[in-house]
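Got a predicted model here, sequence first, then my questions.
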Amino acid sequence: MVEFALVVPILLVVVFGVIQFGVVYKDYVTLTDATRVGARKAAVSRHEANPVGAAVTAVRNSATGLDQSQLAVAVGSSWQHGADVTVTASYPYEIDLLGLVVAAGQLESTTTERVE
């Protein structure tokens, strides 16, 4: 009983840490996939009236599991055939264990494609 009482708090902290890391990793994978979708949309949208808006909309539609109010998206290109288009998105993260913030910052993903 005494050994169990001593080990359980440590085990719970480790388990909650693994869960928090999993949530942050899921957010990172979602963010990376969303920038890929946005870059692909931007690469084929140079003849649209607003290619930047189309790319940002594609990123936001693809990042369904993230809080849209905290998702920041930037698109940059000259929109000439063969030029690069870069889509960058960032999203805040926070890892807290038992009410204490252990780590916090910004997840960031950038994808570059060639304009078609």
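That came in fine, so what should we check first? Numbers count the residues shown, from 1 in each chain.

Tell me, how many residues neighbour residue 59?
For residue 59, the count of nearby residues is 29 (other C-beta atoms under 10 Å). For the C-beta atoms, the positions are set from N, CA and C on the backbone; glycine is no exception.

what do you get for residue 115?
Count around residue 115 with other C-beta under 10 Å applied: 18.

what's the answer for residue 47, then?
8.

Pull the contacting residues for the most centrally placed residue in the chain.
Taking C-alpha atoms, centre = their mean, the centroid of the chain lies closest to residue 31, which sits 2.4 Å from it. Residue 31 is in contact with 63, 66, 71, 89-91, 107-109, counting by C-beta atoms under 8 Å, 6 or more residues apart in numbering.

go with 6 Å
By C-beta atoms under 6 Å, 6 or more residues apart in numbering, residue 31 lies in contact with 89, 91, 107, 109.

ok, and the closest non-adjacent residue to the second one?
Closest residue in space to residue 91, ignoring its immediate chain neighbours: residue 107 at 4.9 Å, by C-beta to C-beta, 6 or more residues apart in numbering.

For that neighbour, identify the helix or strand it belongs to.
Assessed by DSSP states H and E, residue 107 sits inside strand 100-114.

hang on, the earlier thing: what about the residue nearest to the centre of the chain, distance to residue 8?
From residue 31 across to residue 8, the span is 35 Å (C-beta to C-beta, to the nearest Å).

Would you mark the buried spots in stretch 30-41?
Neighbour counts over stretch 30-41 (16 or more other C-beta atoms under 10 Å) mark 30-32, 34-41 as buried.

what mean pLDDT does that stretch have?
Regarding stretch 30-41, the rounded mean pLDDT is 97.

Run the chain-centre distance for it.
Its chain's C-alpha centre lies 9 Å from the corresponding centre of stretch 30-41 when counted by C-alpha atoms, centre = their mean, to the nearest Å.

For it, output the C-alpha coordinates as PDB.
What follows is stretch 30-41, C-alpha atoms only, in PDB (Å, rounded to 0.1, in the frame of the first residue of the first chain):
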ATOM      1  CA  THR A  30      -3.100  19.200 -38.300                       C
ATOM      2  CA  LEU A  31      -1.300  22.500 -38.800                       C
ATOM      3  CA  THR A  32       1.300  20.900 -41.200                       C
ATOM      4  CA  ASP A  33      -1.500  19.200 -43.200                       C
ATOM      5  CA  ALA A  34      -3.400  22.500 -43.400                       C
ATOM      6  CA  THR A  35      -0.400  24.400 -44.700                       C
ATOM      7  CA  ARG A  36       0.100  21.700 -47.400                       C
ATOM      8  CA  VAL A  37      -3.500  22.100 -48.500                       C
ATOM      9  CA  GLY A  38      -3.200  25.900 -48.500                       C
ATOM     10  CA  ALA A  39       0.000  25.800 -50.500                       C
ATOM     11  CA  ARG A  40      -1.500  23.400 -53.100                       C
ATOM     12  CA  LYS A  41      -4.600  25.700 -53.400                       C
END
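
I am finished for the moment; much appreciated.
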